[in-house]
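In: Compute the structure for the input listed below.
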Amino acid sequence: MNENQEIQLENYTLGLLRQAETLEVVDQDSADAAGVLVAALKSKLKEWEAYWREPKEKARAAHVLLCDREGEVSKRVKPAIARLSEMASAWIYVEREKFRKAKEARERAEWEANRKAEEAESKVEAVSGFEGMATAIAEIPPPADLGPAPEAPRVEDAQFRDHYVFEVEDYDLVPRRFLKVDDEAVNNYIHETKDKASLKVPGLKFTNKPIMATRRSR
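Out: Down below sits the predicted model:
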């Protein structure tokens, strides 16, 4: 590598770039100037990339060695992390469902116990006489022993965030706004169709927008 060569090449290329950034194509002369600038910029860009090719190859070789050394451990650790994380996530999902059902069952039991207690207390208020009241009071159920409240599942030193996923059950029912045109398939269709005038796909419009290409020197 030569520092002077690098500076000269960079300055020349940036000079062309400044011209390109300010040029507006409005007539024949400016269109011709655009063509000349594009050809010159492509040429200088090729030189600029060639200038860095050797040091990049050396750096790439060093990078490969460092990545190999790094991978000796990380390639073993990452799968272990992924495996345990997936297992813990699956476990927490199941346990959360159990917790939800247990919580709902407890709430229903509490509601039913309160309902029975309120019903029995209403009977006490409705009866008259000592014996009738004593009987009604005796029928008031004791506080329900529901046991300890269910605890939400947790994993030591870990936290979980919601992560919703989906799977398609019926494509015909999916709203249009969730569907996407297969760009790769359409572009392959354009490329494979020799007679471009015959390009036709319902719902798609094909337009020829020329891209500037540098003329090959003879």
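In: pLDDT at Ala185, what is it?
Out: Looking at Ala185, its pLDDT stands at 96.
In: for Phe130, same thing?
Out: 68.
In: now the helices for this structure?
Out: Using DSSP state H, the helices of the chain run over residues 3-22, 28-51, 53-126, 130-138, 183-192.
In: With mean neighbour count as extra columns, can I get those in TSV?
Out: No exception for glycine: its C-beta is placed from N, CA and C like everyone else's. Conversion of the helices of the chain to TSV gives the following (neighbours: other CB atoms under 10 Å):
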stretch	mean neighbour count
helix 3-22	12
helix 28-51	13
helix 53-126	11
helix 130-138	12
helix 183-192	10
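In: Can you check which of these gets nearest to Leu173?
Out: In terms of CB to CB, the element of the helices of the chain nearest to Leu173 is helix 183-192, at 22.4 Å.
In: which secondary structure elements does that closest one contact?
Out: Helix 183-192 sits against no helix or strand, with contacts defined as 3 or more CB pairs under 8 Å, 6 or more residues apart in numbering; DSSP states H and E.
In: follow-up on the earlier one: out of the helices of the chain, name the one with the poorest average pLDDT.
Out: Minimum mean pLDDT among these: helix 130-138, a mean of 70.
In: thinking again about what came up before, relative to Ala149, which of the helices of the chain is closest?
Out: Nearest of the helices of the chain (CB to CB): helix 53-126, 6.6 Å.
In: and the angle for that closest one with helix 28-51?
Out: 90 degrees (axes from the mean of the first three to the mean of the last three CA atoms, to 10 degrees).
In: so which of the helices of the chain gets nearest Arg176?
Out: When the helices of the chain are ranked by proximity to Arg176 (CB to CB), helix 183-192 comes first, at 16.8 Å.
In: roughly how far apart are Ile181 and Leu204?
Out: Small correction: residue 181 is Val, not Ile. Applying CB to CB, to the nearest Å, the value for Val181 to Leu204 is 8 Å.
In: nope, Thr22 is what I meant
Out: Distance from Thr22 to Leu204, by CB to CB: 37 Å.
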